[in-house]
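> Got a predicted structure plus its sequence, pasted below:
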Amino acid sequence: MPDAPGGSGAERVAVCATCGASPPAGEEAAALLTWSRGSENGREVWTCAACSRRHLRSIEGKLDSAWW
Ligand SMILES: [Zn+2]
């Protein structure tokens with residue numbers, strides 16, 4: 001039995017931290033190639049392709065660590 005500390009069922013499911021979208025089942029690996037992965041307080045944070053593009057301007061304008 002896997003003993004995941006604090007894990008309550010959901011493991012390594014990538015969800016967009018901005019819009020909450022998740023890759024379609026079976027396409028997760030491919031989808032994540034277009035997603036941006038960041039880290040926030042040691043946690044893995046994903047941003048989907050659409051949100052990455054949407055926020056690209058603000059990211060370039062000001063590197064706000066709050067986003068990443
Ligand atoms: Zn998104």
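Ah, there it is.
> Extract the residue ranges of the protein that are flagged as low pLDDT.
Where the chain drops to pLDDT under 70, the residues are 1-12, 58-68.
> got the residues of this protein near the ion?
Applying CB under 5 Å from the ion, one finds that the chain approaches the ion through 16, 18, 19, 21, 48, 51. Quick note: C-beta positions are derived from backbone N, CA and C, even for glycine.
> And for the nearest residue to the fifth one once chain neighbours are set aside, the neighbour number?
Of all residues beyond its chain neighbours, the one nearest residue 48 is residue 16 (4.0 Å), with distances taken as CB to CB, 6 or more residues apart in numbering. Residue neighbour count, defined by other CB atoms under 10 Å, stands at 19 for residue 16.
> same thing with the one 10 residues further on?
Applying other CB under 10 Å, we find 8 other residues in the vicinity of residue 26.
> for it, what are its contacts?
Contact analysis of residue 26 by CB atoms under 8 Å, 6 or more residues apart in numbering lists nothing.
> picking that back up, okay, the residues of the chain next to the ion in JSON lines with secondary structure and distance to residue 32 next?
Converted to JSON lines, the residues of the chain next to the ion look like this (DSSP: H, G, I helix; E, B strand; the rest coil; distance: CB to CB, whole Å):
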{"residue": "16", "secondary structure": "strand", "distance to residue 32": "11"}
{"residue": "18", "secondary structure": "coil", "distance to residue 32": "15"}
{"residue": "19", "secondary structure": "coil", "distance to residue 32": "15"}
{"residue": "21", "secondary structure": "coil", "distance to residue 32": "12"}
{"residue": "48", "secondary structure": "coil", "distance to residue 32": "9"}
{"residue": "51", "secondary structure": "helix", "distance to residue 32": "13"}
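> Would you list the buried entries among those?
16, 18, 21, 48, 51 (16 or more other CB atoms under 10 Å).
> any idea how far the last one lies from residue 22?
Right, residue 51. Applying CB to CB, to the nearest Å, the value for residue 51 to residue 22 is 12 Å.
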